[in-house]
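Peer 1: I'll drop the sequence and a predicted model, then ask my questions.
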Amino acid sequence: MRSPVTGYLGTTQCTSRGNYRLRPGADVNHTCRAGLDNANFKETQLSGVKIGQKVSIVTDFYGSDVVFNGRVDGINMGTGSAFSVLPAQNATGNWIKVVQRLPVRITLDAEQIKAYPLRIGLSATVRLHEPIRRARHWQRRSEKPRLTQATHWLSIPPLLITKSSISSKPTRCDLMSNNTALPPLKGAALVLVTLALSMATFMQMLDSTISNVAIPTISGFLGASTDEGTWVITSFGVANAISIPVTGRLAQRFGERKLFLTSVTLFALASLCCGLSTNLDTLIGFRVVQGLVAGPLIPLSQSLLLRNYPPEKRNIALALWSMTVIIAPIFGPIIGGYICDNYDWGWIFLINVPLGVIVVVLTSWLLKGRETPTEPVKINLIALSLLVLGVGSLQIMLDKGKDLDWFNSTTIIVLAIIAVIAIILLVIWEATDNNPIIDLSLFRSRNFTIGILCIACAYLIYAGAIVLMPQLLQTVFEYTSVSAGLAYAPIGIMPLLLAPLIGRYGHKIDMRMLVTFSFIVYALCYYWRSVTFSSAIDFTWVIIPQFMQGFAVACFFLPLTTISLSGLPPEKFAAATSLSNFFRSLSGSIGTTITMTLWSRRDSFHHAQLTESVTEYNPPVR
């Protein structure tokens, strides 16, 4: 049978079993060319719904990037068990009154549906543009209601696409802007925007690894120890972690384009100040600023890229964006080592200045007039202050602990008390606040909790190793900065090759098996190093475990992200991703500090053991 219209199959009466009878004139199936959706509301919610009322719909498939606008077309009579006053399946005589639901028919814009087709089984949230005065709020999963002065949000069951005609005068569609629908970019403009946004991501990721091989050089030029030089890395990581949770709120308040341009500009200025620093304290201070303004770069670059790409090419956009995230850690140590061996160390930061200028010029020009909608959301300053106080005190305690003999120092004890109290108050405040910057309700999901714990543990080990390895090769094995960077770089090659394969075929593999495999490979790599590393080790045997560790890196980041997001409603994905990045950055800074502290302690221990045997009576040292 050929459908009379081109569209999507909504419902069908045909089944796979034989001898299925249809009465004459019965509908075999329903198809939809575009436009009408049924939203099933409670009967008590209909008092504020009027014909012609404007509505906006956000779906779980497209997310908040695509807002479908329409009007209430009618309120239909409901039939069948879904709308019956008495449940049809109850045959005991103990009739139970159930809430009756009636379908509200909504007309959408045909052109908008053509650009962003509605698939069968979508879940959606409907926004009525006029206040519902007496309507009760109903949401699935027992979520808290979200009310504003002029809007009322209702979570509805999956949309049912039905056969109907399209309104002759489609309503105005506001897609990704306040007033008009903006078409995706095309041609050279799309290529340049992709280049600019990917360059911003590359710049931030490059800066996270380029300084790893430069710590011995920076420490020597600024008259600091290697342990103190590590603060250049940890200060950036902690500041970056603190700024990540508030990125979403800032983007809502000021707009994604404006916030992105501000972040890139301040990042370039902070990089300039870092490169011109003449002492360690100044450098650490500007690294903190650099970390704070770098927090929004990665999420905003991804969001802006997807907003300006055609829907059918968004997978390509994500692939290109992900490639820059993976490539930057490979080239970071090599570029940093080359600069330190041939130029002044300050250029590892000054290199960001021309890149930042290019990004700002291209983005401000190509995305002019494409600002995202803004709303006067409030930033939870109390929660933010507790977050800064708790995380900052914890990191300072870890950085200063070795030098001040840990808890034998009053300063360390005070910092520990401040960190514990601030974190406890933060948890209490966020759990009881209606406007949290950290959504603690996500931890009700077992998958999310286990996934976040595994990500934190994995990145704690990973970050410590990527900072330790270049310094170990330079200070103990007397590698040059370039050689240390080349020895470290292979860890990023395997993720570059395996990430597309895991993304394509990962759904056929149990993600838990991949994560387990990655941690086993990690353990084998570290055991290999503990056995084979000696003063006579060959360069080949240094890079082999780096290649092997690349397998582990590829097999735990993507699978753990998939595991942590599984089971969460789509509207929670943004908050979950933000919280995951927060713990990743924080655990990386903590792991770096712990690893460097252990290395320093073992170095002192072995130095003491060796000096004990150095006497005039010991023949080998006479």
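Peer 2: Structure received.
Peer 1: Quick check: phi and psi at residue 117.
Peer 2: phi -60, psi 140 (degrees, to the nearest 10).
Peer 1: before we move on, what about the one 10 residues further on?
Peer 2: Main-chain dihedrals, residue 127, degrees, to the nearest 10: phi -110, psi 120.
Peer 1: what about it, how many residues close to it?
Peer 2: 17 (other CB atoms under 10 Å). Every C-beta, even on glycine, is put in place using the N, C-alpha and C of the backbone.
Peer 1: which regions of the stretch 351-500 of the chain sit below the pLDDT cut-off?
Peer 2: Scanning the stretch 351-500 of the chain for pLDDT under 70 picks out no residues.
Peer 1: residue ranges for the helices of it, please.
Peer 2: 352-366, 381-401, 410-432, 446-475, 481-488, 493-505 (DSSP state H, counting those that start in this stretch).
Peer 1: ok, and what's touching the last one?
Peer 2: Contacts to helix 493-505, defined as CB atoms under 8 Å, 6 or more residues apart in numbering, come from residues 319, 322-323, 326-327, 330, 514, 547, 550-551, 553-555, 557-559.
Peer 1: before we move on, the earlier item: and among the helices of the stretch 351-500 of the chain, the most buried is which?
Peer 2: Ranked by mean neighbour count under mean count of other CB atoms under 10 Å, these are led by helix 481-488, which reaches a mean of 24.
Peer 1: neighbouring contacts of that helix?
Peer 2: Here helix 481-488 has contacts from 212-214, 216-217, 332-338, 340-341, 466, 469-470, 473-474, 479, 539, 542-543, 546, using CB under 8 Å, 6+ apart.
Peer 1: On the pLDDT front, check residue 157 for me.
Peer 2: Note on residue 157: pLDDT of 32.
Peer 1: re the thing from before, can you say which of the contacts of helix 493-505 are buried?
Peer 2: 322-323, 326-327, 330, 514, 550-551, 553-555, 557-559 (16 or more other CB atoms under 10 Å).
Peer 1: Export the residues you listed as a markdown table, with columns for distance to residue 301 and secondary structure.
Peer 2: As requested, those are exported to a markdown table (distance: CB to CB, whole Å; DSSP: H, G, I helix; E, B strand; the rest coil):
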| residue | distance to residue 301 | secondary structure |
| --- | --- | --- |
| 322 | 12 | helix |
| 323 | 13 | helix |
| 326 | 15 | helix |
| 327 | 15 | helix |
| 330 | 19 | helix |
| 514 | 27 | helix |
| 550 | 24 | helix |
| 551 | 28 | helix |
| 553 | 22 | helix |
| 554 | 22 | helix |
| 555 | 25 | helix |
| 557 | 18 | helix |
| 558 | 19 | helix |
| 559 | 24 | helix |
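Peer 1: which one of these sits closest to residue 309?
Peer 2: If you rank the buried ones among the contacts of helix 493-505 by distance to residue 309 using CB to CB, residue 322 comes first, at 13.9 Å.
Peer 1: Would you indicate which residues of the helix ranked longest in the chain are buried?
Peer 2: Longest helix of the chain, by residue count under DSSP state H: helix 573-612. Neighbour counts using 16+ other CB under 10 Å place 574-597, 599-600 of helix 573-612 among the buried residues.
Peer 1: re the thing from before, out of the contacts of helix 481-488, which are inside helices?
Peer 2: Per DSSP H, these map to helices at 216-217, 332-338, 340-341, 466, 469-470, 473-474, 539, 542-543, 546.
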